[in-house]
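Q: Fold the stuff below for me.
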Amino acid sequence: MNCLEFRRICLAEPGSQDNDYLRHQQGCPRCAEHAVSVIRGDKQLAQALRVDVPDNLASRIILRQSIFSGRAQRRKARRMYALAAGVLLAIGLAGGWFIVNHVPEVDRAVIARINAVPASRVAKGQISSAELIRVIRTVGGELNGEIGRVHYASIYYVRENQCGQLIVQGAVGPVTILLMPGVYIEGARDLYSKELNGIVVPTTIGSMAIVGEPGEPLHDMEQRVRAAVTWQL
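A: Prediction:
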């Protein structure tokens, strides 16, 4: 296993127990340090999302924070996880804003995850069907149809809920799909910025977020995913 393959697996499953992965981690100090950094970031994110915040606070806060461009901006966003206690964030996107009256926990989780793994960073190549099926099964689904060209698939957590992130090639550019079983919302809503648009929609087992570039037919992608993935109720 080379460093590139190790880091790809590390982003998807930093706690992997694969023998080749563990051997490389033991023999490569730089990759071992990278794995520690990824695990630390996941823990900080989980801690940030456990915070209960007064409902009336969000309307007073609109934080312009670029989370989709540049390494410097990503470092700033990660530092915000540690400061998340007591703060609801309406996070600006590169050159634009998420304009909202309140920022529910699900929306914060969507923004934070897309910041952690931007589609533009991993939208290269194509993963195997076996890897896609494994990730979808891990979060309680079965793949029964075509989603499209999938660049990336990984598992992450929103509180104790195991969720899946897919990055699929869309009509305009890469599209991030977050499958969030156990994370329920009352109704569908939109997320907007100058760089990225998104929707968060309820599903039979929780919710799903789809985020892509302006002009991307997100509802078409939603229907494609709903048709391709069935859930174990």
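Q: use CA for all of it now, contacts and neighbours both
A: OK.
Q: can you give me the strands in this protein?
A: 141-143, 150-158, 161-169, 174-181, 189-191, 197-203, 206-212, 229-231 (DSSP state E).
Q: Turn those into a markdown table, including mean neighbour count and distance to S128.
A: Shown next, in a markdown table, are the strands of the chain (neighbours: other C-alpha atoms under 10 Å; distance: least, C-alpha to C-alpha, whole Å):
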| stretch | mean neighbour count | distance to S128 |
| --- | --- | --- |
| strand 141-143 | 19 | 13 |
| strand 150-158 | 22 | 8 |
| strand 161-169 | 22 | 13 |
| strand 174-181 | 26 | 17 |
| strand 189-191 | 16 | 30 |
| strand 197-203 | 20 | 26 |
| strand 206-212 | 24 | 21 |
| strand 229-231 | 17 | 17 |
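Q: Least confident of these, on average?
A: Averaged per stretch, pLDDT over the strands of the chain is lowest on strand 189-191, reaching a mean of 88.
Q: and the spatially most central residue of the chain, what pLDDT?
A: What sits nearest the mean C-alpha location of the chain, by C-alpha atoms, centre = their mean, is R113, with 3.4 Å. Note on R113: pLDDT of 88.
Q: So the residue nearest to P217 when sequence neighbours are not counted versus N161, what's the distance?
A: The shortest distance from P217 to any non-neighbouring residue, by C-alpha to C-alpha, 6 or more residues apart in numbering, is to A171 (7.4 Å). Distance, A171 to N161, by C-alpha to C-alpha, to the nearest Å: 30 Å.
Q: count of neighbours near L4?
A: Counted by other C-alpha atoms under 10 Å, the residues lying close to L4 total 10.
Q: tell me the contacts of it?
A: With C-alpha atoms under 8 Å, 6 or more residues apart in numbering as the criterion, no residue contacts L4.
Q: E186 versus the residue lying closest to A209 once chain neighbours are set aside, what's the distance?
A: Among residues not flanking A209 along the chain, V200 sits closest, at 4.3 Å (C-alpha to C-alpha, 6+ apart). Distance from V200 to E186, counting by C-alpha to C-alpha: 10 Å.
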